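Novice: Predicted model follows, preceded by the sequence.
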Amino acid sequence: MEDDPLDLFMREISKDVDRLDKHMNKKRVRGSEMDIARQKGLEQTISTENKGFRMLEKLGFKEGMGLGKKGTGRVEPVGVSVKLDRRGIGEKTVFIDNLHAI
């Protein structure tokens, strides 16, 4: 007796879900490794051998001083916010606003 087509279909879907789950777990691990590497990089200061740092020095910048003509500007780098999904920057807010409207 032949297998029911619905049973065959459900088995194939189950295999696909398992493969997708394994793939997503690998991506999560890689993502956490990238987060750790990013954090380590952000905790270190730029080397004086860095080309950008040398260019700033030629313009009168000294380590620890603020940016700008008077040196009173930003001292610390701008914070990093990593976006992992493929939605637009404001999508999260719009989605939440629409959810409350329902």
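Specialist: Yep, it's here. Residues are numbered from 1 along each chain as shown.

Novice: domain ranges for this structure?
Specialist: Here the domain assignment for the chain is 1-44, 46-102, based on automatic domain parsing.

Novice: can you list these in TSV and add mean pLDDT and mean neighbour count?
Specialist: C-beta: built from backbone N, CA, C; applies to glycine. Formatted as TSV, the domains of the chain follow (pLDDT from 0 to 100; neighbours: other Cβ atoms under 10 Å):
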stretch	mean pLDDT	mean neighbour count
domain 1-44	76	10
domain 46-102	76	9
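
Novice: Now the spatially most central residue of the chain. Nearest residue, chain neighbours left out?
Specialist: What sits nearest the mean C-alpha location of the chain, by Cα atoms, centre = their mean, is Val82, with 3.2 Å. Of all residues not flanking Val82 in the chain, Arg38 sits nearest, at 7.3 Å (Cβ to Cβ, 6 or more residues apart in numbering).

Novice: Which helix or which strand is home to that neighbour?
Specialist: Assessed by DSSP states H and E, Arg38 sits inside helix 5-43.

Novice: what packs against that helix?
Specialist: Helices and strands touching helix 5-43, as assessed by 3 or more Cβ pairs under 8 Å, 6 or more residues apart in numbering; DSSP states H and E, are absent.

Novice: For stretch 64-81, give the distance from the opening residue to the closing one.
Specialist: 23 Å (Cα to Cα, to the nearest Å).

Novice: which residues touch that stretch?
Specialist: Identification of contacts with stretch 64-81 by Cβ atoms under 8 Å, 6 or more residues apart in numbering yields Arg38, Leu42, Phe61.

Novice: Recalculate using a threshold of 10 Å.
Specialist: Defining contact as Cβ atoms under 10 Å, 6 or more residues apart in numbering, one finds that stretch 64-81 is touched by Arg38, Gln39, Gly41, Leu42, Thr45, Ile46, Leu56, Gly60, Phe61, Lys62, Ile89.
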